[in-house]
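>>> following is a predicted model, sequence given first.
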Amino acid sequence: MANFGGHAIPGTFFLLYGLWLAVKHCVRRHWRQNQHKGRQKAPPSLDRMDYFEGGLKIFAAFVGIMVEQFVVDGPHARLYDRDSQSWVKLMNWQHGTMYLFFGIAGLACVLTTACKSLPLGLDRLALSLALFVEGFLFYYHVHSRLPLDAHVHTLLLMPIFGGSATVALEVFLRDNIILELFKACLFVLQGSWFYQIGFVLYPPSGPEWDLKSHDNMMFVTMCFSWHLAAAMALVAITSVAVCFAAKKCGGRCRDVEIGMRKTSSNPSSQKALLEESDEE
């Protein structure tokens with residue numbers, strides 16, 4: 001949608017999704033480092049995280065398509081108007097196409113979690129393809145626009161195509177925490193930059209931006225670097241907090257497990273427990 005809300009909605013999704021990826025991958029890394037030898041199957045709690053992620057993508061994609069199609073000034077499932085002999089709201093159709101591929105990525109995430117016989121990395125490949133399609137659509141989204149409008153959308157292509165390449169590498173390099181956190185950082189950057197585009201093109205308050213000013217283009221380019229730094233800091237803080245919490249909870253669980261083992265292995269403790277049960 002050509003308004004601030006149309007950029008804030010996907011911006012919120014990508015921002016929260018990037019933070020979710022940082023949390024999920026840090027939890028998985030903690031589990032890999034502390035699992036018992038010979039244990040390869042992930043616990044149900046980790047599978048539930050994948051089900052949640054896939055289901056959220058499918059739900060968000062469905063809501064996005066419905067909003068793009070059936071808003072007041074939307075195309076309402078009409079692609080071509082025979083009376084005027086023109087296309088109907090192609091921008092809404094492009095956004096809907098982008099949401100469609102993220103829905104497919106969500107479906108692939110659910111299926112690969114539920115059916116272990118599917119090829120490993122299929123979910124990553126589907127997500128990489130969704131990001132590529134998003135970048136492909138945005139690349140042809142900026143032609144014949146004012147300079148600043150085209151520039152802010154062109155900057156968006158960097159985290160999109162960068163994310164697509166990073167996720168594609170994950171198909172072959174599994175469980176690489178550097179790639180996983182970099183992917184999360186690029187999603188956070190993409191989300192925050194959607195907000196920045198909304199503020200530049202459709203400011204909710206204050207003066208409008210001069211879309212032909214070269215100084216504004218220089219500032220926006222510098223602002224993109226600030227967004228990248230903020231995304232890296234946010235992912236780093238989130239990762240450290242999750243790792244600290246996971247180690248603390250894991251240490252408590254191990255202490256409880258060791259205590260139970262010592263109690264069960266002590267013959268006098270077993271005898272006392274048996275005598276107590278007889279007296280009762």
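Looks like it came in fine.
>>> part of a strand, is residue 203?
No - secondary structure assignment (DSSP: H, G, I helix; E, B strand; the rest coil) places residue 203 in coil, not in a strand.
>>> what is the burial count for the residue lying closest to it once chain neighbours are set aside?
Excluding its sequence neighbours, the residue lying closest to residue 203 (Cβ to Cβ, 6 or more residues apart in numbering) is residue 209, at 6.9 Å. Where you see a C-beta, it was placed from the backbone N, CA and C, and this is true even at glycine. Using other Cβ atoms under 10 Å, residue 209 has 19 other residues around it.
>>> distance of residue 209 relative to residue 60?
29 Å (Cβ to Cβ, to the nearest Å).
>>> ok, now residue 75?
Residue 75 is 20 Å from residue 60, by Cβ to Cβ.
>>> one more: residue 245?
Applying Cβ to Cβ to residue 245 and residue 60 gives a distance of 26 Å.
>>> have a look at these two and say which one is more surrounded.
Remark: of residue 245 and residue 60, residue 60 carries more neighbours, 20 against 14, as counted by other Cβ under 10 Å.
>>> so that one is in which element?
Under the criterion of DSSP states H and E, residue 60 resides in helix 44-70.
>>> tell me which helix or strand comes right after that helix.
strand 80-81.
>>> helix or strand right after that next one?
strand 86-87.
>>> that next one pairs with which strands, parallel or anti?
In the sheet, strand 86-87 lines up against strand 80-81 (antiparallel) (DSSP bridges).
>>> and residue 150, how far from residue 14?
From residue 150 to residue 14 the distance is 21 Å (Cβ to Cβ).
>>> wait, residue 20
Distance of residue 20 to residue 14, given as Cβ to Cβ: 10 Å.
>>> and the helix holding residue 60, what other elements does it pack with?
Here helix 44-70 touches helix 4-34, helix 90-114, going by 3 or more Cβ pairs under 8 Å, 6 or more residues apart in numbering; DSSP states H and E.
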